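# Following is a predicted model, sequence given first.
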Amino acid sequence: MKKTKLILSILSIAISVSLPAKAEEKVFEFNVSDNGESSQFLTLNPEVFLNITGSVLDSDTPVSGLATSEHDPQKDYQLHPIELHIDAELGESFSGLFYGVALQNDEDEWETGIEELVISYDLNDSVSISGGQFLNQFGFQNQKHIHMWDFVNQNLQNSRLLSEGELITRGIEFDYKPKKRLSFNFATGKARLHEHDHGHHDHDDHEGEHHDEHEGEDHDDHEGEDHDDHEGEDHDEHHIEADGINISDWIASADVRYYLDDDQTLMVSGSLAVGENEFGTKTWAYGAGVQKLWGGHDHGNGLEFCEGATKLKAEAIGRSAEVKHEDGDSDDVSDWGFVAAIYYGLDEMTTISARQEYISDLAELELEERHRTSFALTRNLSDNILGRIQYDYNRADSIEDEHALWIQVQIGIGGSGSHADHNH
């Protein structure tokens with residue numbers, strides 16, 4: 001009850017502060033006067049996002065069994081998650097970001113967590129430095145907040161290979177853009193696993209776990225099921241090992257992006273992260289991707305995806321590590337995944353998209369191979385309301401030929417409405 005009251009209080013405050021912002025697109029300004037002249041010193045721009053998702057098709061597999069992260073839908077119908085996003089500007093060189101979420105699991109228990117709290121300083125037009133807790137720049141998906149996702153659920157490869165789809169670091173990062181077509185990002189610090197504040201659930205069943213959703217885990221609450229929702233795992237020790245392979249101590253990451261043409265229609269990326277896991281060994285994650293845009297237009301902010309445009313994104317991520325078992329033996333393990341998605345702009349407000357995904361098995365930890373095909377129709381119903389219909393076809397040993405149909409409504413409160421129109 002206290003958790004629910006806290007969430008509602010935060011939501012009420014955010015809504016009351018945010019509502020006046022739509023007209024002026026700025027929520028709070030603090031000005032310093034000098035000889036009768038005022039100059040903008042501090043600007044805060046809070047936004048709240050409500051993600052309402054429903055599952056239309058009946059299935060032998062519960063919704064939580066299809067999920068691969070806590071951020072995926074967990075129930076047939078729910079408000080999940082609630083996001084609070086605050087941008088801040090301090091003068092001309094400093095900026096800040098706060099991003100927090102409230103999640104509801106399949107037992108109606110609420111969890112809260114701070115995903116990002118970071119301050120950035122622009123040294124010049126090419127170099128910036130940031131410090132705090134942040135989502136690492138790794139490929140195309142890791143830095144996207146939930147309301148920025150192109151589909152209802154997280155990519156399979158991100159969910160398993162990058163700490164539940166969100167590689168998070170508490171430390172510092174550097175952005176370097178020596179020229180228009182090239183950019184570098186470097187980060188280092190302490191990795192933060194997902195440790196949301198679990199309301200009334202102590203997770204005694206999985207002592208030592210840092211989060212409870214890996215690869216569709218259903219918290220062992222569905223008695224009588226043939227699998228325990230950890231991609232076919234049969235023993236609790238494998239739950240611990242699957243968690244333990246994630247980077248959990250020090251971490252260093254790098255990401256580079258390069259446009260192959262002056263018009264910035266074709267971009268390639270490469271990413272690398274290394275850090276210490278719970279076994280006391282190193283985990284390596286590496287990725288490569290390509291993005292191509294046809295028929296984009298410049299509406300004043302550079303080349304954008306819009307009506308009549310087609311965009312292709314493809315990315316592969318791999319992971320390798322040494323894992324140690326309770327009997328003292330160790331194994332060198334590796335797995336990898338691939339995702340390809342294509343988008344077409346029917347008009348300025350409507351996009352159709354398709355996604356094909358694959359994640360390999362990891363026999364040593366009894367993680368299974370999985371395929372998923374998705375089709376989505378996304379439309380911005382207004383500046384702050386987005387609607388989406390999505391169909392998924394799932395294939396795996398534990399979820400044989402499962403079909404899912406999702407309906408999602410996303411409501412943005414406050415800000416300028418830019419996130420609701422993120423595809424254009």
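Looks like it came in fine.
# C-alpha from now on. contacts and neighbour counts both.
Fine.
# Distance-wise, check the closest residue in space to Ala288 that isn't next to it in sequence relative to Ile146.
In this structure, Ala288 finds its nearest non-sequential neighbour in Gly270, 4.5 Å apart by CA to CA, 6 or more residues apart in numbering. According to CA to CA, to the nearest Å, Gly270 and Ile146 sit 23 Å apart.
# ditto for Asp347
Going from Asp347 to Ile146 by CA to CA gives 23 Å.
# Need the CA coordinates for the helix or strand harbouring Glu276. CSV is fine.
Here Glu276 sits within strand 266-277, counting by DSSP states H and E. Coordinates of each C-alpha in strand 266-277 appear next as CSV, following Å, rounded to 0.1, in the frame of the first residue of the first chain:
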residue,chain,number,x,y,z
LEU,A,266,23.9,4.9,-44.4
MET,A,267,25.5,4.4,-41.0
VAL,A,268,27.5,1.5,-39.5
SER,A,269,28.2,1.0,-35.8
GLY,A,270,30.5,-1.1,-33.6
SER,A,271,30.3,-1.6,-29.9
LEU,A,272,32.4,-3.4,-27.2
ALA,A,273,31.9,-3.8,-23.5
VAL,A,274,34.0,-5.8,-20.9
GLY,A,275,33.7,-6.1,-17.2
GLU,A,276,33.9,-8.5,-14.3
ASN,A,277,31.0,-10.9,-13.6
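# I'd like to check what contacts it. Which residues are they?
Identification of contacts with strand 266-277 by CA atoms under 8 Å, 6 or more residues apart in numbering yields 138-139, 244-260, 282-293.
# Narrow those to those in strands?
In this view, the contacts of strand 266-277 that belong to strands under DSSP state E are 247-259, 282-293.
# Assign a three-state SS to the residue lying closest to Ala314 once chain neighbours are set aside, would you?
Among residues not flanking Ala314 along the chain, Ala340 sits closest, at 4.1 Å (CA to CA, 6+ apart). Secondary structure, DSSP: H, G, I helix; E, B strand; the rest coil: Ala340 is strand.
# what bridges to the residue nearest to Ala288?
Val256, Ala288 (DSSP bridges).
# what's the neighbour count on it?
Look at Gly270: counted by other CA atoms under 10 Å, it has 20 neighbours.
# State the distance from it to Asp383.
Gly270 is 34 Å from Asp383, by CA to CA.
# give me the element Ala242 is part of.
Using DSSP H and E, Ala242 maps to helix 236-244.
# Now that helix: average pLDDT?
With pLDDT averaged residue by residue, helix 236-244 scores 62.
# ranges for the strands of the stretch 51-200 of the chain?
Counting by DSSP state E, counting those that start in this stretch, residue ranges of the strands within the stretch 51-200 of the chain are 77-90, 94-104, 110-122, 127-135, 168-179, 182-191, 197-198.
# buried residues in the third one?
Of the residues in strand 110-122, those with enough neighbours to count as buried (16 or more other CA atoms under 10 Å) are Trp110, Glu111, Thr112, Gly113, Ile114, Glu115, Glu116, Leu117, Val118, Ile119, Ser120, Tyr121.
# list the helices and strands it packs on?
helix 2-18, strand 94-104, strand 127-135, strand 197-198 (3 or more CA pairs under 8 Å, 6 or more residues apart in numbering; DSSP states H and E).
# Tell me which of Asp347 and Ile146 has more neighbours.
Using other CA under 10 Å as the criterion, Asp347 and Ile146 rank with Ile146 on top: 19 against 14.
# ok, for the more buried one, nearest residue in space, not its chain neighbours?
His71 (7.5 Å).
# just Asp347 next, same as before
Glu307 (4.2 Å).
# Check for me that the one you found belongs to a helix.
No - counting by three-state DSSP, one finds Glu307 to be coil, located in no helix.
# That one contacts His299, correct?
No - using CA atoms under 8 Å, Glu307 makes no contact with His299, being 11.7 Å away.
# Compare the two and say which is more crowded by neighbours.
Glu307 (18 against 11).
# Got the phi and psi for that one?
phi -60, psi 130 (degrees, to the nearest 10).
# For Gln390, see how far away it is.
Distance from Glu307 to Gln390, by CA to CA: 20 Å.
# For the closest residue to Gly287 other than its chain neighbours, grab the count of nearby residues.
Nearest residue to Gly287 in three dimensions, chain neighbours excluded: Ile317, at 4.2 Å (CA to CA, 6+ apart). If you count neighbours by other CA under 10 Å, Ile317 ends up with 24.
# Quick check: which element contains Ile317?
Ile317 belongs to strand 310-324, assigned by DSSP H and E.
# Which elements pack onto that strand?
helix 156-161, strand 282-294, strand 330-347.
# on that earlier part again, please state the offset of the strand holding Glu276 from the chain centre?
In this view, strand 266-277 has its centroid 16 Å away from the chain centroid, taken as CA atoms, centre = their mean, to the nearest Å.
# Can you give me every residue that contacts the residue lying closest to Gln408 once chain neighbours are set aside?
Nearest residue to Gln408 in three dimensions, chain neighbours excluded: Thr53, at 4.4 Å (CA to CA, 6+ apart). Contacts for Thr53 (CA under 8 Å, 6+ apart) come out as Pro73, Asp76, Tyr77, Gln78, Leu79, His80, Trp406, Ile407, Gln408, Val409.
# distance of Asp249 from Asn185?
On the measure of CA to CA, Asp249 and Asn185 end up 20 Å apart.
# And these two? Which one has more around it.
Asn185 (21 against 17).
# Put the alpha carbons of stretch 336-353 into PDB.
Only the C-alpha atoms of stretch 336-353 are listed here, as PDB (Å, rounded to 0.1, in the frame of the first residue of the first chain):
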ATOM      1  CA  TRP A 336      24.800 -14.400 -29.800                       C
ATOM      2  CA  GLY A 337      21.800 -12.900 -31.300                       C
ATOM      3  CA  PHE A 338      20.500 -11.000 -34.300                       C
ATOM      4  CA  VAL A 339      17.700  -8.600 -35.100                       C
ATOM      5  CA  ALA A 340      16.600  -7.000 -38.300                       C
ATOM      6  CA  ALA A 341      13.800  -4.500 -38.700                       C
ATOM      7  CA  ILE A 342      12.300  -2.500 -41.500                       C
ATOM      8  CA  TYR A 343      10.000   0.500 -41.300                       C
ATOM      9  CA  TYR A 344       7.800   2.300 -43.800                       C
ATOM     10  CA  GLY A 345       6.100   5.700 -43.300                       C
ATOM     11  CA  LEU A 346       2.500   5.500 -44.500                       C
ATOM     12  CA  ASP A 347       2.100   9.200 -43.700                       C
ATOM     13  CA  GLU A 348       3.600  11.700 -41.300                       C
ATOM     14  CA  MET A 349       1.900  10.000 -38.300                       C
ATOM     15  CA  THR A 350       1.700   6.300 -39.200                       C
ATOM     16  CA  THR A 351       4.400   3.700 -39.500                       C
ATOM     17  CA  ILE A 352       4.300   0.000 -40.400                       C
ATOM     18  CA  SER A 353       7.200  -2.200 -39.300                       C
END
